[in-house]
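Peer 1: Just the structure for this:
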Amino acid sequence: MGSASAAAPPPGRLWAAEFLALPKIYAAPLRPPVVVPPFGQGRPALVLPGLLSNDRATALLRNSLSKAGFAAHGWDEGMNLGARPAEIDRVGQKLADLGRASGGQVVLIGWSLGGLYARVLAQRHPEACALVLTLGAPFSGDRRANNAWRLYEALNNHSVDNPPFAEDPGVKPAARTIAVWSARDGIIAPPCASGELAQSDVQVELPFKHFELATARGAVGAILRILREELG
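Peer 2: Modelled structure (predicted):
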């Protein structure tokens, strides 16, 4: 991978191809879960959606996690429109509550912008998290090396370079941290989603579009395999 700081947004052909995956997002709650032998042992899994998506978009992933033996939770904040301090605080409180109830066993999964928040929240609540897994999250390098920053700034009263939280998403949380990225990502520059080696414990490439990383059955199956390898 190239340097995240020198990365450029994905080319237009990859950006255009992302829209072919939108039906997977819309139909996520209606699709049967990916089934694997259960291994979650009741651990809580908190899943954070990306920009302009909500818990409906992560339904296939959460239902598959539940089937695999996790206690899967959505973020319960409606549409993710950007970094809103009160919203992030509420999700952080939810994470802390789940962590206390489980003895710090929360699996925190964030897709795209939700993955950036996941890293921030794991820094705030290190006692709550056993594992942080990001899916195509722009946590590293240039925050304009993506095809969504203009939309983000149109929806928010701050720039992507000046978010309303003090934490640096590029800093690795104390918990075991896995960065999933894709060379086929049409939204986030791959180096920004994989990051530098010191920014996560493991970097995993998956051959899926950005919008497929939490909605394609193959991607969900791969996420479950990663979790099984990490959690045993």
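Peer 1: from here on, contacts and neighbour counts on C-alpha atoms
Peer 2: Will do.
Peer 1: What are the buried residues along stretch 158-174?
Peer 2: V160, P163, P169, G170, K172, P173, A174 (16 or more other CA atoms under 10 Å).
Peer 1: And those, which is closest to S102?
Peer 2: Minimum distance to S102 across the buried residues of stretch 158-174 is 17.4 Å, recorded for A174 (CA to CA).
Peer 1: Determine the three-state secondary structure at the closest one.
Peer 2: Here A174 is recorded as coil under DSSP: H, G, I helix; E, B strand; the rest coil.
Peer 1: how far is the strand or helix carrying L65 from where the chain is centred?
Peer 2: Taking DSSP states H and E as the definition, L65 sits inside helix 59-67. The chain centroid and the centroid of helix 59-67 are separated by 15 Å under CA atoms, centre = their mean, to the nearest Å.
Peer 1: Can you pull out the residues in contact with stretch 159-173?
Peer 2: 83-85, 116-117, 119-120, 122-123, 126, 132, 139-141, 143-144, 149, 152-153, 158, 195, 198-200 (CA atoms under 8 Å, 6 or more residues apart in numbering).
Peer 1: I'd like to know which of those residues are part of strands.
Peer 2: The strands, defined by DSSP state E, take in V132 from these.
Peer 1: can you pull the contacts of the closest residue to E212 other than its chain neighbours?
Peer 2: With CA to CA, 6 or more residues apart in numbering as the criterion, E212 has its nearest non-adjacent residue at 6.2 Å, and that residue is A21. Contacts for A21 were tallied using CA under 8 Å, 6+ apart; they are K209, F211, E212.
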